[in-house]
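Sequence and computational prediction follow.
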Amino acid sequence: MKKDIVLGGVGGQGILTIAATIGTAAVSNGLFLKQSEVHGMSQRGGDVMSNIRISSNEVFSDLIPEGKADLILAVEPMEALRHFKMLKNGGWLITNQKPFINIKNYPELDDVLAQVNALENHIVIDADGIAKDLGSVKAANIVMLGAGLPFIGLEVEMLEDALGVLFGRKGQDVVDLNIKALKAGLAEANKVINK
Amino acid sequence: MQKAVLLGDEAIAQGALDAGVSAVYAYPGTPSTEINEYILRSKEHRSGNVVATWTTNEKTSMEMAIGASYVGKRALVTMKHVGLNVAADPFMNVPITGVNGGLVIVSADDPSMHSSQNEQDSRYYGKFAQIPVLEPINQQQAYDMMPYAFEMSERLNAPVLMRITTRLAHSRAGISFGEKTKQNELALPKNRKQFVLLPSIARVQYKDLLNNWPNVIKESETAGYNKYLDGKDKSMGIITTGIAYNYLMENYPEGIDFPILQIAQYPLPTSMVQRLYDECDTIMVLEEGYPIVEEGLRGILDNGKTIFGRLDGTLPRDGELNPNLVAKAMGFEIPEINDTPEVVTARPPALCAGCPHTDSYTALNMVMEQHGDGRVFSDIGCYTLAALAPLESINTTVDMGASITMAKGAADMGLIPSVAVIGDSTFTHSGMTGLLDAVNAKSPITVMILDNFTTGMTGGQQSQATGKLEAICEGLGVEKEHIRILNPIKKYHDENTAVMKEELEYNGVSVIIPRRECVITLNARLRAAKNKKKLEKANKEN
């Protein structure tokens, strides 16, 4: 088993939490992990990305080679496209449909989504809407994690446990909300896959 | 065994704690900050068993660590690569004093300048100071090396430099922990003159340092961190340094036939390098950073075997390595890669919504309009982002503290008014001394100290300046009536611009302090208070 995942978003959108959840789940299930991320200046409202590599064998490089990612998982549609060159032939691109607009020259959303839809293997979901229905728009990142789950190579229970570890100190209600968000995202992705 | 998921920085911190470190000193700087943050969160520190603090700058950090070593305790000092420039004075001298307790210096380099103004390679400093350098190849090795680093430091009577780079510092992996070592007892140096670098003593001890060098090379050959991995295809031998090994192996999932010399410790192990050179027809050098190994191998005349690396164009001369660059260097065809769609637009970093700096700069921009462009000297921090649109307020950023001194130099040459803009933490780091120069010369400069009560860019660490700025400025001789405090919010825009105008007209040193808490630390503080209240309520109900 070997999965290379690129996470994309904007600083503050919670991609490092997605990364931490996958990382915790992978390592507690005996897998090897390398998960690199960006800190410092580039975080201030700029684009943020994380490389996650999990494998049953030793992982060498902290960075995924270009053209080798199995999955691009993004909490923002233009940020999904920013990492397009990382995606391997036949890889999946899964993104939240809601744009995060903090620049004046953000492109037309239709143009962004048209690029996403042009890809054979893609899923676009309304993570913010789903999270809001569940009780907090803050869980949109975990909805996206759920949507990526069929391609991450981990079982849903492993991620539930990891969410318990990471959110435990915030209280059981926060853990429960995130587990619901995870499952809702997974269900949404399965709708597309099984179509 | 259960593994912990840690950043490379955190693995180093845990390694130091497990190695019995007693004191940790640091000034925040990407990508090194998370080392001390981890120590500060640790139970060893919170229970009072390990001293750890943020300090005023890297030089004070280094000297405190030398003091801790003097009394026989193990001390760690961490910084980003350019911080080592600030600490270079004690750093260059402590190899000559030697150590008492183990002394380890971590310098985190930032090739490709993700969050830095240059990409200098700290290994040169190790060579310059003539001390052992460790360059772990991955996070686990970074952890494993810490006890060794302290032990070697004490055994060889030498400070040890650990050099890491961004990708190791800011990447997580599963880490297995080793055994814990007890802290050293307090014990003064047996030779009470060991740390007295009077010329007569320094000359003797410098000779000792030089004479000890063969032992340091021997250490590199025998400690086991440098590995000769033999291969049957001798048409090329490969030298990798630090994490470059990983980028190589990424391209050979089924194993590699070329012999590899994997370097993780310096000085270079001479006999291992000799063997690779003798046995192989050509040499490939893969190093993360400047081509320091490659340069040495080529020598001045470069008339030996064919060597591939950064100096002949096989790899780019600048920037960090990655698996694709190494694949190309090794002659692999790169698979076809998707183009980035044209619709993707740059999303540069920007000041946060509600940031006090935005209000300070908006007012300054308005005031500077009448004086013309090119007069605002700035410094290093979040507020450096004002070099970019939409604010475009500042004209320089060179190094920590250079705003005040450059403004003075420009004013000396007749650029009046000249304005310096510096953050609170940067001011106490390296701005205070320059302000004294300006006061002594009665320079017609206006210094804005943006006081947001924190070291913001690196994530909101404690600022040593908090609550002290007026007293410091007054103490340095700035006239009380020319120290002006502003509240940088929209509501006071007109008052603030009026004060700035007044002080720009003053023919002497003025200090303007726009003061408002960083919105990030403010929100974090409010959130923590809310959570605490919620928790207390829940506890009461139970």
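Now that the structure is in, tell me what you want to look at.

show me where pLDDT drops low in chain A?
A:39-43 (pLDDT under 70).

Show me the strands in it, by range?
If DSSP state E is used as the criterion, the strands of chain A fall at A:2-10, A:32-37, A:47-55, A:69-74, A:87-96, A:122-125.

Tell me which of these sits most buried.
Comparing those by mean neighbour count (mean count of other C-beta atoms under 10 Å in any protein chain shown), strand A:69-74 ranks first with a mean of 26. Every residue, glycine included, has its C-beta placed from N, CA and C.

nearest to B:S42, of the strands of chain A?
strand A:32-37 (21.6 Å; C-beta to C-beta).

and the stretch 151-300 of chain B, which residues reach chain A?
B:167-168, B:170-174, B:243, B:245-247, B:249-250 (C-beta under 8 Å from any C-beta of the partner chain).

ok so, going back, in TSV, list the strands of chain A along with distance to chain B.
Below are the strands of chain A laid out as TSV (distance: least, C-beta to the nearest C-beta, whole Å):
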stretch	distance to chain B
strand A:2-10	7
strand A:32-37	4
strand A:47-55	5
strand A:69-74	10
strand A:87-96	6
strand A:122-125	13
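
Kindly reformat the ones you listed as CSV containing distance to B:A129.
As requested, those are exported to CSV (distance: least, C-beta to C-beta, whole Å):
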stretch, distance to B:A129
strand A:2-10, 40
strand A:32-37, 30
strand A:47-55, 34
strand A:69-74, 42
strand A:87-96, 45
strand A:122-125, 54
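
Could you work out the end-to-end span of stretch B:151-163 for me?
Using C-alpha to C-alpha, to the nearest Å, the end-to-end distance of stretch B:151-163 comes to 17 Å.

which ones are touching residue 193?
Here I'm looking at chain A. A:123, A:150 (C-beta atoms under 8 Å, 6 or more residues apart in numbering or on different chains).

nope, chain B please
Contacts of B:K193 (C-beta under 8 Å, 6+ apart): B:I201.

What of B:N246?
A:60-62, B:137-138.

Please name the nearest non-neighbouring residue to the residue nearest in space to the middle of chain B.
When chain B is reduced to its mean C-alpha position, the nearest residue by C-alpha atoms, centre = their mean turns out to be B:K80, at 0.4 Å. Of all residues not flanking B:K80 in the chain, B:G29 sits nearest, at 3.2 Å (C-beta to C-beta, 6 or more residues apart in numbering or on different chains).

Next one: the residue nearest to A:S56 when sequence neighbours are not counted from B:N303, what distance?
Computed as C-beta to C-beta, 6+ apart, the closest residue to A:S56 that is not its neighbour in sequence is A:M1, at 4.7 Å. According to C-beta to C-beta, to the nearest Å, A:M1 stands 50 Å off from B:N303.

Pick out whichever of these two has more residues nearby.
A:M1 (11 against 7; other C-beta atoms under 10 Å in any protein chain shown).

Surely the more buried one touches A:L154?
No. Here A:M1 lies out of contact with A:L154, judged by C-beta atoms under 8 Å, at a distance of 9.2 Å.

anything in contact with each of those two?
A:I54.

For the helix or strand where B:E474 lies, which helices and strands make contact with it?
Per DSSP states H and E, B:E474 falls inside helix B:469-475. Here helix B:469-475 touches strand B:483-486, strand B:510-514, going by 3 or more C-beta pairs under 8 Å, 6 or more residues apart in numbering or on different chains; DSSP states H and E.

can you put those in CSV and add mean neighbour count?
Shown next, in CSV, are the helices and strands packed on helix B:469-475 (neighbours: other C-beta atoms under 10 Å in any protein chain shown):
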stretch, mean neighbour count
strand B:483-486, 19
strand B:510-514, 25
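
ok, residue 158 - how many residues close by?
No chain specified, so I'll use chain A. So A:M158, with other C-beta under 10 Å, has 20 neighbours.

wait, chain B
In terms of burial, B:A158 registers 24 neighbours under the definition other C-beta under 10 Å.

how about it, secondary structure?
coil (DSSP: H, G, I helix; E, B strand; the rest coil).

give me phi/psi at it?
phi -140, psi 140 (degrees, to the nearest 10).

Next one: B:Y290 from B:D121, what distance?
4 Å.

so who does the residue nearest to A:S56 touch?
A:31, A:54-56, A:153.

and of those, the nearest to B:L229?
A:S55 (21.0 Å).

Check the contact between the closest one and A:K2; I expect there is one.
Yes. Between A:S55 and A:K2 there is a contact under C-beta under 8 Å: 4.1 Å.

what about B:V273, which helix or strand?
According to DSSP H and E, B:V273 maps onto helix B:270-279.

in chain B, which ranges drop under the pLDDT threshold?
B:1, B:542.

Name the nearest residue to the one residue sitting closest to the centre of chain A, sequence neighbours excluded.
Nearest residue to the geometric centre of chain A (C-alpha atoms, centre = their mean): A:L73, 3.9 Å. Of all residues not flanking A:L73 in the chain, A:G148 sits nearest, at 4.2 Å (C-beta to C-beta, 6+ apart).

do B:D110 as well
Spatial nearest neighbour of B:D110, excluding adjacent residues (C-beta to C-beta, 6+ apart): B:S116 at 4.1 Å.

residues contacting that neighbour?
B:30, B:80-82, B:110.

Going by distance to chain A, which of the residues you listed wins?
For the contacts of B:S116, the residue nearest chain A by C-beta to the nearest C-beta is B:T30; the value is 3.3 Å.

Tell me the spacing between that closest one and B:T165.
Counting by C-beta to C-beta, the gap from B:T30 to B:T165 is 12 Å.

With B:P90 instead?
For B:P90, the distance to B:T165 - C-beta to C-beta - is 23 Å.

So which of these two has more stuff around it?
B:T165 (28 against 20).
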